[in-house]
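Q: got a structure for you, letters missing:
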């Protein structure tokens, strides 16, 4: 269930409550059977005869479960009728009615609760694939569909291992990865068709004819076509003329290299379901200019956004403690967050009459409470431009969540009283606004976590026009590893890597960030020399040594420190990372055949450029590791500047370290540099101010002495 929808446990409280999730069903699926299995825990104070848990699908009740106080934990399997499951998102609802006495009940009593263990829930699907419609419009809405909950496999065909064909494979894979949005998809690459999955055939007219034989189309220009997968000797299937209608063959071709590139660029931008034809000839393509940090859903700094523009519609909360609503947005990974900067909300909301004065709307940013709005007028009210400021240190690089938690209490409560909750209404309107202050771009690297958030530092320019893919080895396994890594990066960024450069020889380039993929022995030594782990020849390795907990010095609570904290706008001591010590060794050994290394560090010969290395004993292991990086668990375990990926078992295991020296990327104005110095090194700033005051006092003192001597000389004369 967590792979379908981002839910975990949820506690339903009160006499009547519920929780809704959106259940995705792809258009491509023909569902024969679906069974939902979930667990729950209810309060032991409930009355068995009056307490029920109901499961509904698209407003149709499917099951009623008795909440038994003598058996408070339960596991339920509910069959979801296939006729109710429509393509798209379906409303799956859990509703409870809960009582602890027969009469005179407080409907908001704390003992009225039931917790759903949705993080342990799962769905058993029995499905078959529908035939792929022979329309290019089906690519974005059916073939590459983000509602497909299972990891997908897509095969890319290219003619050779040249730089041009590698570029075509990267763009074709990125086109599919972007359509899947946030779903994992693994890519394979070769020069032959692969049955049982969707194939993207990218190459010249001659290559298409070589693969498809007499079934090849005539290609007068930049050409796109969708077909059913063929069954032919070249594909490894049976030798008859049948096809596999459940999988697509996408032909991306042209009579010359520029035409092929135009076709694959067009494939990458096909996001709207059009055209409704099986094939198209692209006459012209003009790509929009992309400025730094203009990736989809990425907020620009020093801007004001309406909730509507951020995808948050007008929402109405109803009843006692309704489910929260969440506004999601992305920030660049290299923002320099400082405690004295503030973001601002300007809210437009209205609430109904008949609510008690302790009703509130609580605001949480990334799970941390920072403010609340009182709803204390029993006659109801409305707020326009209700301003709330919060410090920017509550923000975080990458994805952020602003959650609205409404607690609505009826005016009349108590035992033996008819309690009305239907009138408890609160609306937050979509013309509310969110303002971000001007924050500098300044980040500390290396940090693999940022790469898996939004592809940083390669995400600064969404089209990757300042990124080099260095391929020191030419075989299909190496290309497959590079294709998976760059397709994953483009999915994180949300934009195709139209501008990436591909090199097969290394001459040094200080004006670009570099990604290199290959076997250890193939990567130039000058690139591997500054790596956090030196993995060839004499191995240089670092091993963490256990250290005691890091505490604050006793003088940290002195008046001077407190004064400096007040000057900085903070009242508590800053978080200090634990001290980590390493034992440095030189030894023999290296990576096994089932282990790969993902490393990030400063590109040799530069001050602020990054080198990302995916390497292994051989390219086959590197390709396997690149596919493993699509798993969310693997991504989350990659931190610091070094991640060892073990592929011995079915589920990859990752061990991460921060070993090498850090460096900073970004740009600061002189004023911001001073500001950064003040807030990063307060003691140095304080001592600098003292020295400056001492020098100034000495200069003034000498000037006064000189002036005094002159006056005395004049008076004596």
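A: It's in. As the structure is a computational prediction, the values presented were derived from the model and not from experiment.

Q: so what's residue 652 up against?
A: Listed by CB atoms under 8 Å, 6 or more residues apart in numbering, the contact set of residue 652 reads 625, 628, 631, 634, 645-646. For glycine as for every other residue, the C-beta is placed from the backbone atoms N, C-alpha and C.

Q: if we go to 7 Å?
A: Residues near residue 652 by CB atoms under 7 Å, 6 or more residues apart in numbering: 628, 631, 634, 645-646.

Q: what's the closest non-adjacent residue to it?
A: residue 628 (4.2 Å; CB to CB, 6 or more residues apart in numbering).

Q: thought that neighbour was touching residue 637?
A: No - using CB atoms under 7 Å, residue 628 is not in contact with residue 637, being 10.6 Å away.

Q: who has more neighbours out of the two?
A: Set side by side, residue 628 and residue 637 show more neighbours around residue 628, with 21 against 17, by other CB atoms under 10 Å.

Q: and that one, how far from residue 489?
A: Shown here: residue 628 relative to residue 489, a distance of 15 Å by CB to CB, to the nearest Å.

Q: and the residue nearest to residue 652, what's its pLDDT?
A: At residue 628, the pLDDT value in this model is 96.

Q: what's near enough to touch it?
A: Listed by CB under 7 Å, 6+ apart, the contact set of residue 628 reads 634, 645, 647, 652.

Q: tell me which two in these are the farthest apart.
A: 634 and 647 (10.3 Å; CB to CB).

Q: so which of the contacts of residue 628 are in helices?
A: The helices, defined by DSSP state H, take in residue 634 from the contacts of residue 628.

Q: which of the contacts of residue 628 has the most neighbours?
A: residue 645 (26 neighbours).

Q: how far away is it from residue 589?
A: Note on residue 645: its distance to residue 589, by CB to CB, is 17 Å.

Q: cool, residue 86 as well?
A: Applying CB to CB to residue 86 and residue 589 gives a distance of 57 Å.

Q: try residue 390
A: Counting by CB to CB, the gap from residue 390 to residue 589 is 51 Å.

Q: for the residue nearest to residue 478 when sequence neighbours are not counted, give me its contacts.
A: In this structure, residue 478 finds its nearest non-sequential neighbour in residue 619, 4.2 Å apart by CB to CB, 6+ apart. For residue 619, the contact set (CB under 7 Å, 6+ apart) comprises 473, 475, 477-478, 481, 518-519.

Q: residue 51: which of those residues is nearest?
A: Ranked by distance to residue 51 (CB to CB), these are led by residue 481 at 55.1 Å.

Q: which of the contacts of residue 652 fall in strands?
A: Counting by DSSP state E, the part of the contacts of residue 652 found in strands is 645-646.

Q: including distance to residue 48, could the contacts of residue 652 go into TSV?
A: Formatted as TSV, these follow (distance: CB to CB, whole Å):
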residue	distance to residue 48
628	48
631	43
634	45
645	51
646	50
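
Q: which two of the contacts of residue 652 lie the greatest distance from each other?
A: 631 and 646 (13.2 Å).

Q: so where's the stretch 551-700 of the chain uncertain?
A: Along the stretch 551-700 of the chain, the parts satisfying pLDDT under 70 run over 551-580, 668-683, 685.

Q: show me what stretch 394-404 is in contact with.
A: 324-333, 335, 337, 343, 361, 363-366, 368, 370, 428, 450, 453-454.

Q: pull out the buried positions in it.
A: 394-398, 400, 402-404 (16 or more other CB atoms under 10 Å).

Q: likewise stretch 403-422?
A: Neighbour-count burial for stretch 403-422 flags 403-410, 419, 421 (criterion: 16+ other CB under 10 Å).

Q: now stretch 77-91
A: 80, 85, 87, 90.

Q: restricted to strands, list these.
A: residue 90.

Q: closest to residue 159 out of the buried residues of stretch 77-91?
A: Of all the buried residues of stretch 77-91, residue 159 sits closest to residue 87, with 36.6 Å by CB to CB.

Q: wait, doesn't residue 427 sit right on residue 352?
A: No - the criterion here is CB under 7 Å, and residue 427 misses it with residue 352 at 8.9 Å.

Q: for residue 529, which non-adjacent residue is spatially closest?
A: residue 604 (7.0 Å).

Q: and the one you found, how many neighbours does it have?
A: 17.

Q: please, where are all the strands along the stretch 101-250 of the chain?
A: With DSSP state E, counting those that start in this stretch as the criterion, the stretch 101-250 of the chain has strands at 113-129, 152-157, 185-190, 198-204, 222-230, 243-254.

Q: would you mind giving the ones you listed as JSON lines with distance to residue 507, mean pLDDT and mean neighbour count added?
A: Shown next, in JSON lines, are the strands of the stretch 101-250 of the chain (distance: least, CB to CB, whole Å; pLDDT from 0 to 100; neighbours: other CB atoms under 10 Å):
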{"stretch": "strand 113-129", "distance to residue 507": "48", "mean pLDDT": "92", "mean neighbour count": "16"}
{"stretch": "strand 152-157", "distance to residue 507": "28", "mean pLDDT": "96", "mean neighbour count": "23"}
{"stretch": "strand 185-190", "distance to residue 507": "26", "mean pLDDT": "96", "mean neighbour count": "23"}
{"stretch": "strand 198-204", "distance to residue 507": "28", "mean pLDDT": "97", "mean neighbour count": "24"}
{"stretch": "strand 222-230", "distance to residue 507": "32", "mean pLDDT": "96", "mean neighbour count": "22"}
{"stretch": "strand 243-254", "distance to residue 507": "30", "mean pLDDT": "95", "mean neighbour count": "22"}
